[in-house]
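Chemist: Need coordinates for the following:
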Amino acid sequence: MGFNAYENRATIDDHVVSFDKVPTEADRVNGVRRITKGWEGVKGEVDGLGGLKLSKPDVEDLFSHLVKEQSHAVIFELVLTKSDFRLDVIVGNATFKHIVADYFEGFEEAPRLDSVGEIFRVWNRMHADFKDRYFLQSEEDKEEAIESTRLDALIANSSGIFGVSGQRTVQEFAKFYAYGSGSDYALGALYSVYDRPELDAAAVARHAVRAASEFDDGTGEPIHCFTVPLLQKV
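Modeler: Just a heads-up that it's a prediction; the model follows:
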């Protein structure tokens, strides 16, 4: 079991379907078969556990997302939080997920991520540690002047919203932002409703994810929403 103090959640178990290489459309039949077999293994182990009732994901859509995102793994992650007990299905690099979790769990005191400068310093140290401890292959593009951490991150905390690119460029966003598959649709939806006084931050965020789910085949529900109080800046 792994516990993430930042999200107040425990990961009970992971089931990973990993491919030796990034699959293509030519691999669809075998890929769908392997993901389906992985799903059946998860269902056999956890369906009914703690009252959890599983609904089969769209396996064809999961495979399409693997191809689109050029990823090599599907992760079935059983998660326990204060409010629910659920199965998350994640498409992406399985190793990076474990690297990031292991790295931040290794701090005796949580690093400060309250400003552009603090985040940049943390990410710069993290890049060096990723290469030394986790054997990161940083040569994503030899034409780039700066090595890539090969990880984009969106950070939301009581100090604001920050984005970090693979080259460790850090930006602070004044109102809202979205990363990942479907982010263009989400940003448009955020812009359209942000100034409506009857909507709180959670309602605006859910609206954006629903819009992305409607138009992007790599985005889907259910939506898991976390809120943090924003510090008053003077």
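Chemist: which SS state does the closest residue to Arg196 other than its chain neighbours fall under?
Modeler: The spatial neighbour of Arg196 that comes closest, neighbours along the chain excluded (Cβ to Cβ, 6 or more residues apart in numbering), is Val204 at 7.9 Å. Using the backbone N, CA and C atoms, a C-beta is placed for each residue, glycine as well. The three-state assignment at Val204 reads helix, by DSSP: H, G, I helix; E, B strand; the rest coil.
Chemist: ok, now Phe162?
Modeler: Reduced to three states with three-state DSSP, the structure at Phe162 is strand.
Chemist: distance of the nearest residue to it once chain neighbours are set aside from Ser115?
Modeler: In space, and not counting its chain neighbours, Phe162 is closest to Ile155: 4.4 Å by Cβ to Cβ, 6+ apart. Counting by Cβ to Cβ, to the nearest Å, the gap between Ile155 and Ser115 amounts to 11 Å.
Chemist: repeat for Lys43
Modeler: The gap separating Lys43 from Ser115 is 45 Å, by Cβ to Cβ.
Chemist: Gly160 now?
Modeler: As defined by Cβ to Cβ, Gly160 lies at a distance of 9 Å from Ser115.
Chemist: do Phe19 as well
Modeler: Distance, Phe19 to Ser115, by Cβ to Cβ: 39 Å.
Chemist: again, but for Thr149
Modeler: The separation that Thr149 has from Ser115, given Cβ to Cβ, amounts to 19 Å.
Chemist: who's more crowded, the two?
Modeler: Residue environment comparison for Thr149 versus Ser115 gives the larger neighbour count to Thr149, 23 against 14, counting by other Cβ atoms under 10 Å.
Chemist: What does the pLDDT read for that one?
Modeler: Note for Thr149: predicted pLDDT of 86.
Chemist: Identify the residues contacting it.
Modeler: Residues counted as contacts of Thr149 (Cβ atoms under 8 Å, 6 or more residues apart in numbering) are 123, 126-127, 130, 136, 138, 166-168.
Chemist: Kindly recompute the last result at 7 Å.
Modeler: By Cβ atoms under 7 Å, 6 or more residues apart in numbering, the contact list for Thr149 reads 123, 127, 130, 166, 168.
Chemist: Equivalent analysis for Asn157, please.
Modeler: With contacts defined as Cβ under 7 Å, 6+ apart, the neighbours of Asn157 are 113, 228.
Chemist: partners of it in the sheet?
Modeler: Partner residues in beta bridges with Asn157, using DSSP bridges, are Gly160.
Chemist: Tell me the predicted confidence for it.
Modeler: The predicted local confidence for Asn157 comes out at a pLDDT of 86.
Chemist: any idea how far Leu66 is from it?
Modeler: Between Asn157 and Leu66 the computed distance is 31 Å (Cβ to Cβ).
Chemist: and if you look at Ala153?
Modeler: Remark: distance between Ala153 and Leu66 (Cβ to Cβ) = 21 Å.
Chemist: go on, Arg33?
Modeler: If you go by Cβ to Cβ, the gap between Arg33 and Leu66 works out to 13 Å.
Chemist: Name the residue in those two with the higher neighbour count.
Modeler: Neighbour totals were compared for Arg33 and Leu66, and Leu66 leads with 25 against 12 (other Cβ under 10 Å).
Chemist: bridging residues for Ser18?
Modeler: Here Ser18 sits in beta bridges with Ala73, as judged by DSSP bridges.
Chemist: roughly how far out does the host helix or strand of Asp184 sit from the chain middle?
Modeler: Of the helices and strands defined by DSSP states H and E, Asp184 is found in helix 183-193. Shown here is helix 183-193, whose average C-alpha point lies 18 Å from the average C-alpha point of the whole chain (Cα atoms, centre = their mean, to the nearest Å).
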